[in-house]
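1. Sequence and predicted structure, then a few things I'm wondering about:
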Amino acid sequence: MASHIARWDLDKTYLRTEFDTLRDMVTTALERPDQKRTNPGASTLLREMVRAGIRVHILSGSPEQMRRRLEDKLRLDGITWDTFTLKPNLQNLLRLRFRAMRDQLGYKLPALLGARAALPATPEGEDPPRETLFGDDAEADAYVYSLYADILAGRVAEDMLLRILQRGRLYDDMVASSLSSARTLGHGDVVERILIHLERQTPPDDFRAYGPRIVPFYNYLQAAFVLHEDARLGPDAVIRVAVELVAEHRFDGDALVRSYQELGRRGHLRGASVDALVAALTNWIAQDGLPASAELRVLLERLPSLAAGARSRFRDDAQPLPDYVNMVAAHNARTRN
């Protein structure tokens with residue numbers, strides 16, 4: 001089976017970063033690695049993904065000058081990765097490319113397409129690696145990731161892609177790079193899920209235009225539930241995320257239940273693989289001295305009924321192609337300045 005790929009953003013996805021003001025940006029740039037804060041559950045989830053054999057590729061809008069501090073932070077968290085791409089903002093500044101310093105489409109889409117095109121050729125008879133993408137609602141991740149997925153799936157033809165990039169006001173070399181990479185890629189529905197961390201509490205319904213592939217989530221236990229149903233994580237990995245949230249972030253049993261229930265109510269869970277989770281929870285609760293056993297027991301007791309409710313609401317309907325051409329003007333408010 002081909003290795004699975006996870007592509008992760010950092011700011012507001014993995015890290016609790018503030019950069020809305022100049023002071024925020026300066027503070028973020030000067031923080032030591034040990035001062036940087038990780039979103040609750042994110043480091044445990046990412047470590048479990050690596051343990052499961054998933055290849056992690058980091059694509060962040062942070063400037064290249066922050067590489068050492070960001071890499072040191074990830075090492076402190078016990079995270080390993082395959083590639084680590086940061087934004088070349090100093091080069092953009094020296095070239096007076098001010099739009100490129102703020103824009104996400106012109107940075108992330110060429111980088112994503114180029115990274116996919118650079119993967120080794122898939123041996124004959126094997127399936128190409130599939131992907132899960134992690135981003136947030138602070139910038140343009142939902143738009144860029146969804147567009148990337150539909151390009152790979154062959155749903156966005158070259159003439160449409162050109163119109164999108166031109167209307168998005170990308171520089172000519174970015175347009176050329178994107179088109180060149182897109183031409184070399186074989187077509188396949190290889191992006192399984194796009195998980196969007198609701199850092200800014202954007203209403204989940206705002207993402208419905210992109211279809212059920214996108215899963216907006218409030219906490220990383222929700223992300224773990226999704227990855228478990230997709231057979232990318234085992235049940236013990238899900239429980240380790242839950243234990244962290246209980247032990248370090250004051251989640252109670254009802255909060256664990258709501259994490260599953262809320263996703264199921266929105267139609268993002270199939271209610272599958274519940275027996276494996278029930279068995280794993282039973283084993284964990286039987287351990288002597290486990291700090292989170294009472295909270296896990298609440299989840300265990302409610303899980304069968306929660307899964308039944310999720311099955312009745314699961315949506316996997318065919319989705320019309322998003323109107324990327326007209327949506328591009330609003331994909332990132334900063335590009336309109």
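-> Alright, I've got the coordinates.
2. Buried ones in stretch 148-158, by neighbour count?
-> Going by neighbour count (16 or more other Cβ atoms under 10 Å), the buried part of stretch 148-158 is Tyr148, Ala149, Asp150, Ile151, Leu152, Val156. All C-beta atoms are positioned from the backbone trio N, CA, C, and that covers glycine.
3. er, stretch 38-52 I mean
-> For stretch 38-52, burial by neighbour count (16+ other Cβ under 10 Å) applies to 38-50.
4. go on, stretch 182-192?
-> Across stretch 182-192, burial judged by 16+ other Cβ under 10 Å covers Ala182, Leu185, Val190, Val191, Glu192.
5. returning to what we had before: generate JSON lines for the buried residues of stretch 148-158, with secondary structure as supplementary columns.
-> Output for these, formatted as JSON lines (DSSP: H, G, I helix; E, B strand; the rest coil):
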{"residue": "Tyr148", "secondary structure": "helix"}
{"residue": "Ala149", "secondary structure": "helix"}
{"residue": "Asp150", "secondary structure": "helix"}
{"residue": "Ile151", "secondary structure": "helix"}
{"residue": "Leu152", "secondary structure": "helix"}
{"residue": "Val156", "secondary structure": "coil"}
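6. so where's the stretch 1-150 of the chain uncertain?
-> 1-2, 18-30, 89-101 (pLDDT under 70).
7. let's see 50
-> 1, 21-22, 24, 26 (pLDDT under 50).
8. now the strands: where do they sit in it?
-> Along the stretch 1-150 of the chain, counting by DSSP state E, counting those that start in this stretch, strands occupy 5-8, 55-63, 83-87, 131-136.
9. what would the ones you listed look like in JSON lines with distance to Phe314 and mean neighbour count?
-> What follows is the strands of the stretch 1-150 of the chain, written out as JSON lines (distance: least, Cβ to Cβ, whole Å; neighbours: other Cβ atoms under 10 Å):
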{"stretch": "strand 5-8", "distance to Phe314": "23", "mean neighbour count": "24"}
{"stretch": "strand 55-63", "distance to Phe314": "28", "mean neighbour count": "21"}
{"stretch": "strand 83-87", "distance to Phe314": "34", "mean neighbour count": "18"}
{"stretch": "strand 131-136", "distance to Phe314": "18", "mean neighbour count": "25"}
